[in-house]
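Student: Requesting a structural model of the entry that follows:
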Amino acid sequence: MKDGVNGVALGVFVFFFLAVTVMGFLAARWRKAENEHSLDEWGLGGRSFGTWVTWFLLGGDLYTAYTFVAVPAAIYAAGAAGFFAVPYTILVYPLIFTFLPRLWSVSHRHGYVTTSDFVRGRFGSKGLSLAVAVTGILATMPYIALQLVGIQAVLDVMGVGGGENTNWFVKDLPLLIAFGVLAAYTYSSGLRAPALIAFVKDGLIYLVIAVAIIYIPIKLGGFDHIFAAADKKFTTAGAGGLVPAPAGQWTYATLALGSALALFMYPHSITATLSSKSRDVIRRNTTILPLYSLMLGLLALLGFMAIAAGVKVANGQLAIPQLFEDMFPSWFAGVAFAAIGIGALVPAAIMSIAAANLFTRNIYKDFIKPDATPKQEAQVSKLVSLLVKVGALAFVLTMDKTVAINFQLLGGIWILQTFPALVGGLFTRWFHRWALLAGWAVGMVYGTLAAYGVASPTQAHFGGSAKEIPGIGEIGYIGLTAFVLNVVVTVVGTFVLKALKAPEGVDETRPGDYTADAGDAGVEVELPPATAGSAH
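Tutor: You can find the predicted model right below:
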C-alpha cells in the first residue's frame, strides 16, 4: 500500500462524489408530482419509471459495492468457490420472470408499497405481515452496512483519514461526511435520487471493468500467467488448486441456489420493481438484466488478477481497491474508486428507503397510527430512513470490517424465509396464514442458531453460512436448509389447520388483479364474496 494520500485519485473521486451529490438533490425536481407528500411519490418515485430507468435502478440496486469489493475478495481469498455469485444471478432471472409481473400487477391494483402490504392483503394477517416486515428490516441493515464498508475500503486505500492509530473522529470523518450527504439527498429526493444517480454509477462501472479486463492482464502478462499464479497460491496453501474440492461442491451449489431464491425477497429489490410504470417494464427488465451477470463474471476475475499482481492486504476487502491503485494511473484509479463509492451510495439509498417503507406501512400504520395520512406516512418514512442509515453506520464504526460479509449472508438466510408467504401467495391461497407464520418462525430460529454455531478464524460465531445438512451429511448453505424446513412446516401445518377448520382470514385480492396492467386500473370486476378466498 502506498504511503500518504493519493492526491490525484482523491481529487477525481471527490469530483464524481460532488457531481452525484448535486444530482441527488436536483432529483427532487425530476418528474416532480403535484402531491409529493406520499409514499408512492417519495418511496416509489411515483411508480413512473420506464424500462431504462428501471434497468439502471435495479442494476444499481443489485450490483453494489458488495459486488465490487466482496465478490472479487472472496475469489482472492478462496479461489473459484467465490464465483457462486455468478450462477445465482443467472438462475434468478427466469425465476423472477414468473412472479415479479404478478406482484407488480396486484400491488398496482391495490396500492401496495411493500411485500408486507401484499401478504397482509392476501392472507388477512397482520401478524404474518409484521413477520415479513421485521425480517426485511433486519436483513437489510447489514446490507447497508456493507455498502459503507465499500466506501471505507476505498478511502483507506487512498490514504484518507490516517492510520489505525489516528484519532477515531479524524479517521472516520470522510465516511461520516459521505454518510451525511447520502442521508441528506435521500431525505430530500426519495427514490428519485438513486434512480438518477444510477445512470452515472452503472456507466462508471462498465467503463472501469472494460478497461480493467483488458489493461490489467496486458500489464500482468496475460490470463495464462494470472490463472497460473492463482493456481499456485491455492495449491501451495493446501486448497488443492483453483477449483473447489468435491467436498465443497454441495456448499457451492446450495449457496448459489439459496442466494438466487433470496435475492428478490429483499425489500430494496421489490421497491425498485414497484417503481416501474407498467407490467411490461418488469418483463422486459428480466430479459435484459442478465447483461449484468456478464459484467459480474468479468468483475470476479479481478480477484485472480490481485493474486497475480502480488497484492498483499490484511483485510481481503481491500484487495481490489489496492489492485486499482497499484495497476492504474492515479487519475484512472480515482475513476475506479468513484465507481465503487457511487456503487455504494445508490443501493444504500434504495435499501434505507425500502426498510423505512416497511416500518411505516407495516408497523407504524398497522399497529401505531392506523389513521395516518399519506403526508404523515411520507414524513415517518423519511425519518426512519435516517435512523436505518445511522444503525448501519454504527455497525461499520464499531465492528470488525471483516465480519460485514458474514452478517450480510446471515441476512440472506433470514430473508429467504419470507419466500413461501410472498411467492407462494402470488400463485395460490392454499397455504394457511398460521402455517406460514409457523414455517417462517422455524426457518428463522434454525437458520440463526445454525449460523451462530459456525466459527471462522476471525469470529467465534456467525463465521459463515454453511453447515452440515441434517440427514444428508454434506456441507451446504444454512439458508436453503432452513427454507426446506420452513416449507415442510408450512405444508404440514396447512393440512392440519384446514382439517381443524381454523379461520383463514379474508383475501382482499381477485384473480384479475394478478394480470392487471397500468391501463386496467379502473376495470376491476367485483366477484361474489364466496370466491374471495379461492385459490388462484
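Student: quick one: the helices in the stretch 51-200 of the chain?
Tutor: 51-62, 65, 71-78, 85-110, 115-123, 126-158, 168-189, 192-220 (DSSP state H, counting those that start in this stretch).
Student: I'd like to know which of these is closest to V311.
Tutor: With CB to CB as the criterion, V311 lies closest to helix 71-78 of the helices of the stretch 51-200 of the chain, at 7.6 Å. Any C-beta I mention is one placed from the backbone N, CA and C, and that applies to glycine too.
Student: hmm, who's touching that closest one?
Tutor: 81-83, 85, 239, 296, 299-304, 306-307, 311, 316-317, 319-320, 405 (CB atoms under 8 Å, 6 or more residues apart in numbering).
Student: If we use 7 Å, what do you get?
Tutor: 82-83, 85, 296, 299-300, 302-304, 306-307, 316-317, 319-320 (CB atoms under 7 Å, 6 or more residues apart in numbering).
Student: just curious, which of those residues is nearest to A262?
Tutor: Looking across the contacts of helix 71-78 and measuring by CB to CB, the closest to A262 is A85, at 12.3 Å.
Student: so where is the stretch 251-400 of the chain shaky, pLDDT-wise?
Tutor: Within the stretch 251-400 of the chain, the segments meeting pLDDT under 70 span 400.
Student: Do a quick rundown of the helices in it.
Tutor: 267-274, 279-288, 290-300, 302-308, 319-327, 330-359, 374-398.
Student: Is it possible to get CSV of those that adds distance to L91 and mean neighbour count?
Tutor: Below are the helices of the stretch 251-400 of the chain laid out as CSV (distance: least, CB to CB, whole Å; neighbours: other CB atoms under 10 Å):
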stretch, distance to L91, mean neighbour count
helix 267-274, 15, 27
helix 279-288, 12, 18
helix 290-300, 10, 18
helix 302-308, 21, 26
helix 319-327, 25, 24
helix 330-359, 21, 27
helix 374-398, 28, 19
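Student: do you know which of those lies nearest A421?
Tutor: That would be, of the helices of the stretch 251-400 of the chain and by CB to CB, helix 267-274, which comes in at 13.0 Å.
Student: Need the CA coordinates for that closest one. CSV is fine.
Tutor: Output in CSV follows, covering the C-alpha atoms of helix 267-274 (Å, rounded to 0.1, in the frame of the first residue of the first chain):
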residue,chain,number,x,y,z
PRO,A,267,-37.2,-5.1,0.2
HIS,A,268,-34.9,-2.9,-1.9
SER,A,269,-35.3,-5.3,-4.9
ILE,A,270,-39.1,-5.0,-4.6
THR,A,271,-39.0,-1.2,-4.1
ALA,A,272,-37.2,-0.8,-7.4
THR,A,273,-39.6,-3.2,-9.1
LEU,A,274,-42.8,-1.5,-7.8
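Student: Remind me what it packs against, helices and strands.
Tutor: Using 3 or more CB pairs under 7 Å, 6 or more residues apart in numbering; DSSP states H and E, the elements in contact with helix 267-274 are helix 51-62, helix 85-110, helix 126-158, helix 330-359.
Student: returning to what we had before: what is the nearest of the contacts of helix 71-78 to G59?
Tutor: L296 (10.5 Å).
Student: Tell me how far the helix or strand that contains G443 lies from the chain's centre.
Tutor: Assessed by DSSP states H and E, G443 sits inside helix 433-452. In terms of CA atoms, centre = their mean, to the nearest Å, the centre of helix 433-452 is found 21 Å from the chain centre.
Student: What of stretch 324-336?
Tutor: 27 Å.
Student: now swap in stretch 250-264 and tell me
Tutor: Taking mean C-alpha positions (CA atoms, centre = their mean), stretch 250-264 and its chain are 14 Å apart.
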